[in-house]
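A.B. asks: Build me a model from this:
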Amino acid sequence: MVKYYYKSIRADKIAETTDLQKGTWVHAEAPTDEELHALAKQFKLELGNLEDARDLDEMPRLDRDGGHTYIYVRYAFRDSKGGLSTAPLLIIFSGEYVITISQAHLPALDFLVRGRTKFATTQRAKLVLLILSHISDQYDMYINGTSRQIKGIRARLRGNGISNKDLLDFVTIEDDLNEFQSSLQPTNATLRRLLVGKQLPLFEEDHDIVEDLLLNNEQSIEAIRSNLRSVTNIRDAYSAISSNNLNQTITLLTLATILVALPNVFFGMYGMNVQLPFQHRSWAFEALIAINATLIVSIIVFVRKKRLI
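C.D. replies: Numbering: from 1, shown residues only. Here you go, the predicted model:
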């Protein structure tokens, strides 16, 4: 599906149009082979570069070919099942147009179409930077949400309320964070090339925007690393607590077995049909009870002194 959007500096809202004019933003979402061929022919683009945008594993990079700048980035979004994922986005900066190609719905499109940010599609370089800025903000939002989720699990760990579901969530969290990190790191390399190169005609304020994007991405990467360390620490702590609880349980059961077995030794001996010492004495039973009680108390005192329980 290919749509055309246009907004001049004087216009209040962006409009979807069928007329292609200078300064139009052309967006293709999940384009078919026919649509890609039509775009390549209409704007004199390299078809192979357009097809790369449909590769779900395409990594951020910057290419220059035939007077066109091809900027590949990855943006974060929630899929139909509510999980986090990333998808490639190709931004093409041509002589008169900005062309974007994505396989999944682009959240930046909704953000800009709602008109909450002042921009014009005729200001092509600024439009590209706005798309990149929104992508960066989306990463921040999802990373902050993940941080809150990790803190909630850590709070439950202190109360020994962590569950198997929390441990399974850690697997998803780690996958999401690793995917974010692998997307943001090459994106920064792309932004640095934009700063030092001439792929986009940047004004002084545009340089500041790119530098802010670089700084924000670096902070996001550091936040990802911090979250990954937290996940590892929580998992290690849970393993240590579980191991300690298991050891305490085994120790307690072993002690209980000993305390139960000791009286049975004496009662078993005096239950046999053989001659035993003091078996005819009236105080024999009380003596056995006293001996067993003394042994049990001695064992408990010894165990507590050694801090085994």
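
A.B. asks: could you pull out the helices for the stretch 101-250 of the chain?
C.D. replies: Taking DSSP state H, counting those that start in this stretch to define them, one finds helices in the stretch 101-250 of the chain at 107-113, 124-158, 164-196, 204-270.

A.B. asks: Please export the C-alpha coordinates of the helix or strand just after the longest one as CSV.
C.D. replies: Using DSSP states H and E, the next helix or strand after helix 204-270 towards the C-terminus is helix 284-305. What follows is the C-alpha trace of helix 284-305 in CSV, where atoms were taken according to Å, rounded to 0.1, in the frame of the first residue of the first chain:
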residue,chain,number,x,y,z
ALA,A,284,12.2,-48.3,83.0
PHE,A,285,9.7,-46.5,80.8
GLU,A,286,10.2,-43.2,82.4
ALA,A,287,14.0,-43.7,82.2
LEU,A,288,13.7,-44.3,78.4
ILE,A,289,11.6,-41.2,78.0
ALA,A,290,14.1,-39.2,79.9
ILE,A,291,17.1,-40.5,77.9
ASN,A,292,15.4,-39.9,74.6
ALA,A,293,14.3,-36.4,75.7
THR,A,294,17.9,-35.6,76.8
LEU,A,295,19.3,-36.9,73.5
ILE,A,296,16.8,-34.9,71.4
VAL,A,297,17.5,-31.7,73.4
SER,A,298,21.2,-32.2,73.0
ILE,A,299,20.9,-32.7,69.3
ILE,A,300,18.8,-29.6,68.9
VAL,A,301,21.2,-27.5,71.0
PHE,A,302,24.1,-28.8,68.9
VAL,A,303,22.4,-28.0,65.6
ARG,A,304,21.4,-24.5,66.7
LYS,A,305,24.9,-23.9,68.0
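
A.B. asks: could you say what helices and strands helix 284-305 packs with?
C.D. replies: With contacts taken as 3 or more C-beta pairs under 8 Å, 6 or more residues apart in numbering; DSSP states H and E, helix 284-305 sits against helix 204-270. C-beta here means a position set from N, CA and C on the backbone, and glycine is covered the same way.
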